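> heads up, no residue letters with this:
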């Protein structure tokens with residue numbers, strides 16, 4: 001197309017001014033063509049594209065809140081396509097979920113083809129755990145017992161029926177999938193590499209700048225790449241991107257913490273030590289390694305015995321993170337010194353198994369850090385224990401992640417765009433509105449005007465706050481759950497199902513699900529509950545077809561897009577405050593003057609805005625947001641009530657069920 005050719009030719013003229021003129025003109029031309037190519041421009045979308053273009057031209061970072069309904073992905077894909085055309089360098093787009101990555105990939109195909117970008121070369125990068133490993137499947141396949149579920153799964157992988165987890169209709173449990181997923185890939189040495197989707201994906205991620213146009217990854221993969229570049233080791237993603245766009249950036253802090261958290265299990269540590277022993281013994285033949293390894297293993301066993309006792313005493317459920325008490329009777333410093341000796345030996349080891357040595361070296365150094373944290377020598381880390389991996393798990397995480405992002409992401413030569421529908425809090429200035437995430441992330445850059453949602457919340461939606469449910473107290477949990485259950489059933493009957501219920505705690509969800517399926521309540525709608533695994537497409541399809549009630553937590557607070565009357569109500573079971581005793585929030589609270597208002601309320605508001613954003617997804621949608629948490633009622637007189645009401649877009653708010661009922665009947669919801 002002529003306008004694309006002009007854009008390409010313009011790079012031969014004056015650099016910065018010409019770059020600005022050509023890109024801005026191209027943006028306007030694209031939006032002028034929207035009606036002719038069957039697209040509708042949304043309010044704020046063009047401004048968002050221009051903000052991103054300006055940031056790229058001036059080598060600046062930009063933070064942009066883009067409200068639900070403005071067409072956020074097209075808002076950043078349009079300038080990204082033009083910048084890629086101009087620079088001949090790849091665009092990196094980082095998302096918070098696999099589903100969103102795949103949706104962006106589809107959006108890129110749609111917008112690219114309609115605008116004349118016929119050869120957009122792109123790749124979706126996922127974590128290795130999403131891909132099937134034929135080497136592992138070959139070890140599990142048992143011709144003598146083909147009917148066993150594990151052997152059958154392995155054979156399907158070997159027969160090329162399954163390349164990744166998403167290929168399994170109806171989903172699969174984490175435990176079963178972990179047997180055949182990629183784990184510690186041998187890359188070039190794998191005999192199955194030529195037919196492996198994981199190997200092919202990793203090759204494209206690290207392609208030369210002129211060989212790939214768009215790299216779409218989850219935030220976890222981007223963060224791991226930043227960590228590798230900081231450490232000076234081999235990177236995962238292309239070294240020379242033109243632009244980095246981080247979508248759903250409200251999740252970035254949690255993703256960085258997860259990526260920088262080291263987790264240790266008893267079996268995992270023993271596996272690392274066994275691998276180290278094998279690698280070193282093969283080359284040196286030094287038998288002293290055996291006694292050294294035995295001493296370390298005995299010490300590790302003693303550490304886990306003490307931590308297991310802590311968990312039995314303090315943890316109420318597997319997901320609880322508990323403090324680790326002082327480790328007694330174990331020479332932690334001596335264990336750390338022995339590990340340092342192993343690390344030194346690995347660092348000078350030469351072998352054709354270079355990648356395996358690098359991975360083992362990294363794991364041993366992580367173990368050294370753990371010992372130093374346990375000994376109190378290293379105090380820049382948070383430390384906790386849990387049963388989160390179905391085994392006693394010790395975790396450590398750097399206290400402050402803002403410095404890491406400031407130096408690895410926001411100080412780079414590449415412009416970074418942070419965007420989400422929920423980046424802001426209350427405040428008079430843009431800087432104040434963006435301040436919570438700015439401080440958490442160590443962000444340096446510009447704050448762009450908020451692009452408000454174009455949806456008519458005033459006439460199309462009502463928010464109901466229940467004042468009937470007693471305040472939640474752990475000691476009287478069942479009293480609260482019984483009252484909330486009765487209120488929830490009444491609300492679901494009001495909209496005749498077509499409701500998603502969002503829980504903050506899985507135990508609450510399990511309690512309500514058990515009550516519903518016991519058959520003691522008077523309702524006619526079908527009951528669905530989220531399934532274990534990464535994809536929830538199946539349960540969403542069942543929910544839409546039955547027009548029932550879906551009980552959910554975690555992933556359903558964001559990223560779920562159900563337009564039309566299939567979803568007419570979102571119920572927030574409990575305000576999503578973070579757990580105060582969680583080591584991360586305990587630390588964040590310790591370094592602020594007013595922890596509740598500076599940490600806990602802002603964090604709750606970010607999640608609440610995401611959850612309530614599931615309700616109205618188009619200009620014609622009608623619906624009800626119900627909150628079963630009386631702390632938000634007027635009579636509770638909580639100082640954050642006004643902040644919540646100001647932040648959420650709902651203008652009609654009631655605590656009177658009869659008023660809500662009239663609204664539902666009048667609107668025909």
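Thanks, I have it. Worth saying up front: this structure is predicted, and the values here are computed from it rather than measured.

> What residues of stretch 494-511 count as buried?
The neighbour-count check on stretch 494-511 (16 or more other CB atoms under 10 Å) flags 494-505, 508-509, 511 as buried. C-beta: built from backbone N, CA, C; applies to glycine.

> Tell me the span between the first and last residue of it.
Length of stretch 494-511, first residue to last, CA to CA, to the nearest Å: 22 Å.

> got the buried residues for stretch 419-439?
So for stretch 419-439, counting by 16+ other CB under 10 Å, buried means 419-425, 430, 433-438.

> Oh, that last question was meant for stretch 85-94, not what I typed.
Here stretch 85-94 shows 85-87, 89-94 as buried, counting by 16+ other CB under 10 Å.

> ok, these vs residue 321, which is closest?
residue 94 (26.2 Å; CB to CB).

> my guess is the closest one meets residue 218, correct?
Yes - counting by CB atoms under 8 Å, residue 218 is a contact partner of residue 94 at 6.7 Å.

> Beyond the host helix or strand of residue 407, next helix or strand please.
In the assignment (DSSP states H and E), residue 407 maps to helix 402-408. Using DSSP H and E, the next helix or strand after helix 402-408 towards the C-terminus is strand 415-420.

> Relative to residue 418, how far out is the residue sitting nearest the centre point of the chain?
Residue closest to the average C-alpha location in the chain (CA atoms, centre = their mean): residue 96, at 3.8 Å. Applying CB to CB, to the nearest Å, the value for residue 96 to residue 418 is 12 Å.

> got it, and residue 402?
14 Å.

> the more surrounded of the two?
residue 418 (28 against 16; other CB atoms under 10 Å).

> show me the contacts for residue 164.
126, 130-132, 197 (CB atoms under 8 Å, 6 or more residues apart in numbering).

> Now the buried members of those.
For these, buried by 16+ other CB under 10 Å: 126, 130-132.

> And residue 437, how close does it get to residue 101?
21 Å.

> Need the overlap of contacts for residue 402 and residue 418.
residue 441.

> now for the helix ranked longest in the chain, which elements pack on it?
Longest helix in the chain, counting residues (DSSP state H): helix 288-314. Under the contact definition 3 or more CB pairs under 8 Å, 6 or more residues apart in numbering; DSSP states H and E, helix 288-314 sits against helix 266-284, helix 332-347, strand 381-386, strand 393-398.

> try it again with 7 Å
helix 266-284, helix 332-347, strand 381-386 (3 or more CB pairs under 7 Å, 6 or more residues apart in numbering; DSSP states H and E).

> who wins for proximity to residue 20 among the ones you listed?
If we rank these by CB to CB, the stretch that ends up nearest is strand 381-386, at 44.8 Å.

> Now do that closest one and strand 393-398, the angle between them.
Going by axes from the mean of the first three to the mean of the last three CA atoms, to 10 degrees, strand 381-386 is angled at 160 degrees with respect to strand 393-398.

> chain center to strand 381-386, what's the gap?
20 Å (CA atoms, centre = their mean, to the nearest Å).

> buried ones in it?
For strand 381-386, by 16+ other CB under 10 Å, it's 381-386.

> Nearest to residue 21 among the buried residues of stretch 85-94?
Nearest to residue 21 among these, with distances taken as CB to CB, is residue 86, at 11.8 Å.

> Kindly indicate whether that closest one is helix, strand or coil.
helix (DSSP: H, G, I helix; E, B strand; the rest coil).
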